[in-house]
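Visitor: got a predicted model here, sequence first, then my questions.
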Amino acid sequence: MLAFALLTQIFWNRADLPKVTENSACLLSTPLHLGAMPTLWNTQSSRRNFIESGVLTTVLMGIPGAQAQEESSFHLALLSDTHIPADRSNEYRGFRPWENLKRVIPEVLAVEPESALINGDAARLTGEVEDYQELKKLLEPIAAHCPVSIGLGNHDHRDNFQQVMQPATENKAAIEDKHVVVMEHPSVRIVQLDSLLYVDKVAGLLGQDQRAWLEQFLKQADDRPIVFFVHHTLGEGDGDLLDTDRFFQILKPHRQVKAIFYGHSHVYEYGFREGKHLINLPAVGYNFSDAQPVGWLDARFHRKGVDLTLHATGGNKADDGRTTSLKWA
Ligand SMILES: [Zn+2]
(Lines give C-alpha, C1' and ligand atoms only; values in the text may rest on other atoms or scores of the structure.)
Protein backbone atom coordinates (compact mmCIF):
# COMPACT_ATOMS: atom_id res chain seq x y z
CA MET A 1 0.00 0.00 0.00
CA LEU A 2 1.29 3.43 -0.83
CA ALA A 3 1.60 5.97 1.90
CA PHE A 4 0.91 9.46 0.61
CA ALA A 5 2.38 11.76 3.15
CA LEU A 6 1.66 15.39 3.51
CA LEU A 7 4.85 17.35 3.49
CA THR A 8 4.96 21.08 3.69
CA GLN A 9 8.67 21.67 3.99
CA ILE A 10 11.56 19.64 2.76
CA PHE A 11 15.26 19.89 3.34
CA TRP A 12 17.69 18.30 1.00
CA ASN A 13 21.15 17.35 2.27
CA ARG A 14 20.46 17.81 5.93
CA ALA A 15 24.13 17.71 6.87
CA ASP A 16 24.75 20.70 4.64
CA LEU A 17 22.14 22.84 6.30
CA PRO A 18 23.30 23.97 9.70
CA LYS A 19 20.33 26.30 9.91
CA VAL A 20 17.67 23.62 9.66
CA THR A 21 16.37 24.22 13.17
CA GLU A 22 16.55 27.94 12.73
CA ASN A 23 14.67 27.73 9.44
CA SER A 24 11.95 25.58 10.94
CA ALA A 25 11.65 27.91 13.89
CA CYS A 26 11.50 30.86 11.55
CA LEU A 27 8.60 29.37 9.66
CA LEU A 28 6.86 28.24 12.79
CA SER A 29 7.22 31.58 14.46
CA THR A 30 5.38 33.43 11.72
CA PRO A 31 1.73 34.03 12.49
CA LEU A 32 0.72 32.15 9.38
CA HIS A 33 1.59 28.53 9.12
CA LEU A 34 2.11 26.74 5.87
CA GLY A 35 -1.07 25.23 4.58
CA ALA A 36 -2.09 21.63 4.77
CA MET A 37 -2.31 20.24 1.30
CA PRO A 38 -1.09 16.92 0.04
CA THR A 39 0.91 18.58 -2.64
CA LEU A 40 4.10 16.81 -1.92
CA TRP A 41 4.29 13.14 -1.50
CA ASN A 42 6.77 10.39 -1.94
CA THR A 43 6.36 6.67 -1.58
CA GLN A 44 10.05 5.94 -1.06
CA SER A 45 9.95 5.97 2.72
CA SER A 46 13.51 4.73 3.16
CA ARG A 47 14.82 8.16 2.23
CA ARG A 48 12.66 10.08 4.62
CA ASN A 49 12.86 11.17 8.18
CA PHE A 50 9.73 12.70 9.60
CA ILE A 51 10.01 15.23 12.34
CA GLU A 52 6.84 16.55 13.85
CA SER A 53 7.32 20.22 14.66
CA GLY A 54 4.04 21.49 15.96
CA VAL A 55 1.75 22.21 13.08
CA LEU A 56 4.50 21.99 10.55
CA THR A 57 5.68 18.65 9.32
CA THR A 58 9.30 19.03 8.40
CA VAL A 59 10.93 16.47 6.23
CA LEU A 60 14.65 16.17 6.01
CA MET A 61 15.88 14.62 2.83
CA GLY A 62 19.18 12.87 3.23
CA ILE A 63 20.69 12.05 -0.13
CA PRO A 64 23.56 9.60 0.22
CA GLY A 65 26.77 10.89 -1.25
CA ALA A 66 25.49 14.38 -1.91
CA GLN A 67 28.06 17.03 -1.07
CA ALA A 68 27.61 20.55 0.21
CA GLN A 69 29.84 21.94 -2.48
CA GLU A 70 29.35 25.32 -4.00
CA GLU A 71 28.78 23.61 -7.34
CA SER A 72 26.21 21.14 -6.02
CA SER A 73 22.96 21.33 -7.94
CA PHE A 74 19.31 20.54 -7.33
CA HIS A 75 17.77 18.48 -10.09
CA LEU A 76 14.05 18.94 -10.68
CA ALA A 77 11.52 17.88 -13.30
CA LEU A 78 9.20 20.85 -13.96
CA LEU A 79 5.72 20.12 -15.27
CA SER A 80 2.75 22.44 -15.59
CA ASP A 81 -0.85 22.39 -16.77
CA THR A 82 -1.23 18.62 -17.01
CA HIS A 83 -5.06 18.96 -17.15
CA ILE A 84 -5.68 15.29 -16.34
CA PRO A 85 -9.27 14.22 -17.08
CA ALA A 86 -11.26 11.37 -15.56
CA ASP A 87 -11.97 10.24 -19.12
CA ARG A 88 -8.67 9.06 -20.52
CA SER A 89 -9.82 9.68 -24.08
CA ASN A 90 -10.69 13.34 -23.42
CA GLU A 91 -9.29 15.46 -26.20
CA TYR A 92 -8.62 19.15 -26.79
CA ARG A 93 -7.11 20.64 -29.94
CA GLY A 94 -6.12 17.13 -30.95
CA PHE A 95 -4.21 16.53 -27.70
CA ARG A 96 -5.06 13.91 -25.13
CA PRO A 97 -3.76 15.21 -21.78
CA TRP A 98 -3.95 11.81 -20.06
CA GLU A 99 -1.82 10.23 -22.77
CA ASN A 100 0.56 13.19 -22.78
CA LEU A 101 1.37 12.76 -19.10
CA LYS A 102 1.62 9.00 -19.52
CA ARG A 103 4.25 9.63 -22.20
CA VAL A 104 6.16 12.08 -20.01
CA ILE A 105 6.45 9.78 -16.96
CA PRO A 106 9.21 7.51 -18.35
CA GLU A 107 11.05 10.58 -19.65
CA VAL A 108 11.07 12.07 -16.16
CA LEU A 109 12.15 8.79 -14.59
CA ALA A 110 14.98 8.50 -17.13
CA VAL A 111 16.65 11.71 -15.92
CA GLU A 112 16.36 10.63 -12.25
CA PRO A 113 15.35 13.97 -10.72
CA GLU A 114 15.55 14.65 -6.99
CA SER A 115 12.02 16.01 -7.08
CA ALA A 116 9.20 16.62 -9.55
CA LEU A 117 6.90 19.61 -9.52
CA ILE A 118 3.56 20.32 -11.18
CA ASN A 119 2.84 24.03 -11.35
CA GLY A 120 -0.97 23.99 -11.23
CA ASP A 121 -3.92 23.02 -13.39
CA ALA A 122 -3.21 19.43 -12.50
CA ALA A 123 -6.85 18.53 -13.29
CA ARG A 124 -8.74 18.95 -16.54
CA LEU A 125 -11.24 21.78 -15.81
CA THR A 126 -13.11 21.60 -12.50
CA GLY A 127 -10.85 19.38 -10.36
CA GLU A 128 -13.14 16.37 -10.09
CA VAL A 129 -12.29 13.55 -7.68
CA GLU A 130 -12.02 11.19 -10.63
CA ASP A 131 -9.53 13.54 -12.33
CA TYR A 132 -7.22 13.34 -9.31
CA GLN A 133 -7.63 9.60 -9.08
CA GLU A 134 -6.27 9.33 -12.62
CA LEU A 135 -3.52 11.83 -11.84
CA LYS A 136 -2.47 9.89 -8.76
CA LYS A 137 -2.28 6.64 -10.70
CA LEU A 138 -0.23 8.27 -13.43
CA LEU A 139 2.22 9.85 -10.97
CA GLU A 140 2.81 6.77 -8.83
CA PRO A 141 6.00 5.70 -10.67
CA ILE A 142 7.51 9.14 -10.05
CA ALA A 143 6.32 9.27 -6.44
CA ALA A 144 8.08 5.95 -5.89
CA HIS A 145 11.31 7.59 -7.03
CA CYS A 146 11.19 11.10 -5.56
CA PRO A 147 8.89 13.66 -3.93
CA VAL A 148 6.21 15.16 -6.16
CA SER A 149 5.01 18.67 -5.38
CA ILE A 150 1.68 19.73 -6.85
CA GLY A 151 0.58 23.34 -6.79
CA LEU A 152 -3.00 24.30 -7.51
CA GLY A 153 -4.22 26.30 -10.47
CA ASN A 154 -7.58 27.68 -11.52
CA HIS A 155 -8.69 24.31 -12.84
CA ASP A 156 -8.02 22.56 -9.52
CA HIS A 157 -10.35 21.98 -6.58
CA ARG A 158 -8.88 21.92 -3.07
CA ASP A 159 -11.35 19.64 -1.32
CA ASN A 160 -11.38 17.05 -4.09
CA PHE A 161 -7.63 17.15 -4.32
CA GLN A 162 -7.28 16.65 -0.57
CA GLN A 163 -9.78 13.83 -0.63
CA VAL A 164 -7.87 11.86 -3.22
CA MET A 165 -4.37 12.57 -1.92
CA GLN A 166 -5.35 11.96 1.72
CA PRO A 167 -3.63 14.81 3.55
CA ALA A 168 -2.28 14.38 7.04
CA THR A 169 -5.06 15.68 9.26
CA GLU A 170 -2.77 16.87 12.07
CA ASN A 171 -1.40 19.55 9.76
CA LYS A 172 -3.63 22.55 10.31
CA ALA A 173 -3.69 25.19 7.61
CA ALA A 174 -3.59 28.71 9.00
CA ILE A 175 -3.69 30.34 5.60
CA GLU A 176 -7.25 29.59 4.71
CA ASP A 177 -7.46 27.84 1.35
CA LYS A 178 -3.87 28.59 0.50
CA HIS A 179 -0.91 26.29 0.49
CA VAL A 180 2.80 26.97 0.25
CA VAL A 181 5.58 24.43 -0.21
CA VAL A 182 9.18 25.31 0.64
CA MET A 183 11.99 23.09 -0.59
CA GLU A 184 15.34 23.72 1.06
CA HIS A 185 18.56 22.86 -0.75
CA PRO A 186 22.10 24.21 -0.24
CA SER A 187 22.09 25.74 -3.73
CA VAL A 188 18.52 27.06 -3.96
CA ARG A 189 15.31 27.54 -2.01
CA ILE A 190 12.20 26.66 -3.99
CA VAL A 191 8.92 28.19 -2.87
CA GLN A 192 5.71 26.99 -4.50
CA LEU A 193 2.98 29.56 -3.94
CA ASP A 194 -0.77 29.13 -4.26
CA SER A 195 -2.74 31.36 -6.63
CA LEU A 196 -6.00 29.39 -6.84
CA LEU A 197 -8.83 31.87 -6.31
CA TYR A 198 -11.93 30.37 -8.01
CA VAL A 199 -12.32 26.93 -9.53
CA ASP A 200 -12.70 27.02 -13.31
CA LYS A 201 -12.49 30.82 -13.57
CA VAL A 202 -9.40 32.32 -15.07
CA ALA A 203 -8.04 34.86 -12.55
CA GLY A 204 -5.72 34.06 -9.65
CA LEU A 205 -4.70 35.72 -6.40
CA LEU A 206 -2.05 35.24 -3.74
CA GLY A 207 -4.15 37.15 -1.24
CA GLN A 208 -3.32 39.21 1.80
CA ASP A 209 -2.49 36.34 4.17
CA GLN A 210 -0.09 34.69 1.76
CA ARG A 211 1.56 38.03 0.92
CA ALA A 212 2.05 38.72 4.63
CA TRP A 213 3.63 35.30 5.07
CA LEU A 214 5.85 35.98 2.07
CA GLU A 215 7.10 39.28 3.54
CA GLN A 216 8.05 37.52 6.76
CA PHE A 217 9.70 34.66 4.92
CA LEU A 218 11.85 37.03 2.87
CA LYS A 219 12.78 39.20 5.86
CA GLN A 220 14.24 36.16 7.57
CA ALA A 221 15.86 34.62 4.50
CA ASP A 222 19.56 33.81 4.32
CA ASP A 223 21.63 34.57 1.22
CA ARG A 224 20.79 31.45 -0.79
CA PRO A 225 19.00 32.07 -4.10
CA ILE A 226 15.21 31.87 -3.86
CA VAL A 227 13.02 30.81 -6.76
CA PHE A 228 9.23 31.03 -6.80
CA PHE A 229 6.63 28.92 -8.57
CA VAL A 230 3.13 30.25 -9.03
CA HIS A 231 0.48 29.04 -11.46
CA HIS A 232 -0.86 32.33 -12.80
CA THR A 233 0.65 34.63 -15.40
CA LEU A 234 2.19 37.83 -14.09
CA GLY A 235 0.36 40.39 -16.20
CA GLU A 236 -2.15 43.16 -15.90
CA GLY A 237 -5.11 41.31 -17.40
CA ASP A 238 -8.27 40.10 -15.71
CA GLY A 239 -7.13 36.49 -16.14
CA ASP A 240 -3.67 36.97 -14.65
CA LEU A 241 -2.44 36.98 -11.06
CA LEU A 242 -4.51 39.90 -9.77
CA ASP A 243 -1.96 40.95 -7.16
CA THR A 244 1.06 40.75 -9.46
CA ASP A 245 2.23 44.30 -8.73
CA ARG A 246 1.98 43.82 -4.97
CA PHE A 247 3.84 40.52 -5.37
CA PHE A 248 6.71 42.31 -7.13
CA GLN A 249 6.73 45.10 -4.56
CA ILE A 250 7.35 42.47 -1.89
CA LEU A 251 10.08 40.74 -3.92
CA LYS A 252 11.84 43.89 -5.13
CA PRO A 253 14.11 44.64 -2.14
CA HIS A 254 15.26 41.03 -1.90
CA ARG A 255 18.21 40.31 -4.14
CA GLN A 256 18.12 36.61 -3.24
CA VAL A 257 14.93 36.27 -5.29
CA LYS A 258 16.25 35.20 -8.67
CA ALA A 259 13.38 33.82 -10.69
CA ILE A 260 9.66 33.25 -10.90
CA PHE A 261 8.25 30.29 -12.80
CA TYR A 262 4.61 30.32 -13.87
CA GLY A 263 2.24 28.41 -16.16
CA HIS A 264 -1.42 29.11 -17.05
CA SER A 265 -0.84 30.42 -20.59
CA HIS A 266 0.47 27.14 -22.07
CA VAL A 267 3.32 29.14 -23.59
CA TYR A 268 7.05 28.45 -23.29
CA GLU A 269 8.77 31.79 -22.85
CA TYR A 270 11.46 33.69 -20.96
CA GLY A 271 11.34 37.20 -19.59
CA PHE A 272 12.86 39.52 -17.03
CA ARG A 273 11.31 42.01 -14.63
CA GLU A 274 12.87 44.10 -11.87
CA GLY A 275 15.96 41.95 -11.69
CA LYS A 276 14.12 38.61 -11.64
CA HIS A 277 14.07 36.01 -14.40
CA LEU A 278 10.60 34.99 -15.55
CA ILE A 279 10.02 31.53 -16.97
CA ASN A 280 6.69 30.56 -18.49
CA LEU A 281 6.53 26.76 -18.35
CA PRO A 282 5.14 24.85 -21.32
CA ALA A 283 1.98 22.81 -20.72
CA VAL A 284 2.00 19.02 -20.60
CA GLY A 285 -1.70 18.72 -21.50
CA TYR A 286 -2.07 20.79 -24.67
CA ASN A 287 -1.10 24.07 -26.29
CA PHE A 288 -3.36 26.91 -27.38
CA SER A 289 -1.29 27.61 -30.47
CA ASP A 290 0.56 25.38 -32.93
CA ALA A 291 3.69 27.48 -32.46
CA GLN A 292 4.02 26.30 -28.85
CA PRO A 293 5.65 23.11 -27.60
CA VAL A 294 3.84 20.67 -25.33
CA GLY A 295 6.13 19.10 -22.76
CA TRP A 296 8.21 19.76 -19.64
CA LEU A 297 11.57 21.12 -18.46
CA ASP A 298 14.48 19.26 -16.91
CA ALA A 299 15.97 21.78 -14.46
CA ARG A 300 19.33 21.88 -12.68
CA PHE A 301 19.49 24.67 -10.13
CA HIS A 302 22.89 25.67 -8.86
CA ARG A 303 24.14 28.52 -6.74
CA LYS A 304 24.65 30.86 -9.70
CA GLY A 305 21.79 30.00 -12.00
CA VAL A 306 19.73 27.28 -13.60
CA ASP A 307 20.01 25.12 -16.72
CA LEU A 308 16.63 24.33 -18.28
CA THR A 309 16.29 21.66 -20.96
CA LEU A 310 13.07 21.44 -22.94
CA HIS A 311 11.52 18.00 -23.47
CA ALA A 312 8.95 18.69 -26.18
CA THR A 313 6.61 15.73 -26.54
CA GLY A 314 4.08 17.43 -28.81
CA GLY A 315 3.16 20.64 -30.57
CA ASN A 316 6.16 22.57 -31.89
CA LYS A 317 9.15 20.30 -31.27
CA ALA A 318 11.73 22.57 -32.93
CA ASP A 319 13.45 23.33 -29.61
CA ASP A 320 13.25 19.83 -28.18
CA GLY A 321 16.44 19.11 -26.27
CA ARG A 322 17.57 22.74 -26.22
CA THR A 323 19.07 23.93 -22.94
CA THR A 324 18.58 27.51 -21.79
CA SER A 325 21.03 28.63 -19.10
CA LEU A 326 20.03 31.52 -16.87
CA LYS A 327 22.57 33.30 -14.69
CA TRP A 328 21.39 34.88 -11.47
CA ALA A 329 21.77 38.64 -11.46
ZN1 LIG B 1 -3.84 25.33 -17.90
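Guide: On my side now, so go ahead.

Visitor: show me where the stretch 201-329 of the chain has its helices.
Guide: Assigned by DSSP state H, counting those that start in this stretch, the stretch 201-329 of the chain shows helices spanning 208-219, 244-251.

Visitor: and the first one, what does it pack against?
Guide: Counting contacts by 3 or more CB pairs under 8 Å, 6 or more residues apart in numbering; DSSP states H and E, helix 208-219 is packed against helix 244-251. Bear in mind the C-beta positions are built from the backbone N, C-alpha and C, glycine included.

Visitor: avg pLDDT for the helix it packs on?
Guide: Averaging pLDDT along helix 244-251 yields 97.

Visitor: in it, what's buried?
Guide: Across helix 244-251, burial judged by 16 or more other CB atoms under 10 Å covers T244, F247, F248, I250, L251.

Visitor: give me the nearest residue to L297, chain neighbours excluded.
Guide: L78 (4.3 Å; CB to CB, 6 or more residues apart in numbering).

Visitor: can you tell me the element the one you found falls in?
Guide: strand 74-79 (DSSP states H and E).

Visitor: which parts of this structure sit against the ion?
Guide: Residues of the chain found near the ion (CB under 5 Å from the ion) are D81, D121.

Visitor: break down the stretch 151-300 of the chain into its strands, ranges please.
Guide: Secondary structure of the stretch 151-300 of the chain (DSSP state E, counting those that start in this stretch): strands at 181-184, 189-192, 226-229, 257-262, 269-273, 276-280, 293-302.

Visitor: right, and those strands - which one's nearest N119?
Guide: Nearest to N119 among the strands of the stretch 151-300 of the chain is strand 226-229 (5.2 Å), distances taken as CB to CB.

Visitor: so which elements touch that closest one?
Guide: Using 3+ CB pairs under 8 Å, 6+ apart, strand 226-229 sits against strand 189-192, strand 257-262.

Visitor: quick one: list the elements packing against the shortest one.
Guide: Going back to what we said before, that points to strand 189-192. With contacts taken as 3+ CB pairs under 8 Å, 6+ apart, strand 189-192 sits against strand 115-119, strand 181-184, strand 226-229.

Visitor: tell me which of those sits most buried.
Guide: Ranked by mean neighbour count under mean count of other CB atoms under 10 Å, the helices and strands packed on strand 189-192 are led by strand 115-119, which reaches a mean of 27.

Visitor: neighbouring strands for that strand, and are they parallel or not?
Guide: Note on strand 115-119: by DSSP bridges, its sheet partners are strand 74-79 (parallel), strand 148-151 (parallel).

Visitor: what residues does the last one touch?
Guide: Which is strand 148-151. 38-42, 115-120, 122, 139, 142, 161, 165, 179, 181, 183, 192-194, 229-231 (CB atoms under 8 Å, 6 or more residues apart in numbering).

Visitor: give me that answer again for 6 Å
Guide: 39-40, 116-120, 122, 139, 142, 181, 192, 231 (CB atoms under 6 Å, 6 or more residues apart in numbering).

Visitor: would you turn those into TSV with pLDDT and distance to D307?
Guide: Converted to TSV, those look like this (pLDDT from 0 to 100; distance: CB to CB, whole Å):
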residue	pLDDT	distance to D307
T39	43	25
L40	51	23
A116	94	17
L117	94	16
I118	95	20
N119	97	18
G120	95	23
A122	95	25
L139	94	24
I142	94	21
V181	83	22
Q192	89	20
H231	97	23
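
Visitor: quick one: contacts for N154?
Guide: V202, G204.

Visitor: and the pLDDT at it?
Guide: pLDDT at N154 comes out at 94.

Visitor: and what of A291?
Guide: At A291, the model reports a pLDDT of 98.

Visitor: got phi/psi on it?
Guide: Note on A291: backbone dihedrals following degrees, to the nearest 10 are phi -70, psi -20.

Visitor: list the residues that contact it.
Guide: N316.

Visitor: hmm, back to that, lowest-confidence stretch among the strands paired with strand 115-119?
Guide: Lowest mean pLDDT within these: strand 148-151, at a mean of 88.

Visitor: quick one on the thing from earlier: lowest average confidence across the helices and strands packed on strand 226-229, which one?
Guide: Here these differ in mean pLDDT, and the lowest is strand 189-192 at a mean of 92.

Visitor: report the buried residues of that one.
Guide: Going by neighbour count (16+ other CB under 10 Å), the buried part of strand 189-192 is R189, I190, V191, Q192.

Visitor: with distance to S289 added, can I get the residues you listed in CSV?
Guide: Formatted as CSV, the buried residues of strand 189-192 follow (distance: CB to CB, whole Å):
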residue, distance to S289
R189, 34
I190, 29
V191, 30
Q192, 27
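
Visitor: ok, Q256 to the ion distance?
Guide: Distance, Q256 to the ion, using CB to the ion, to the nearest Å: 29 Å.

Visitor: pretty sure R103 is in a helix, no?
Guide: Yes: per DSSP: H, G, I helix; E, B strand; the rest coil, R103 lies within a helix segment.
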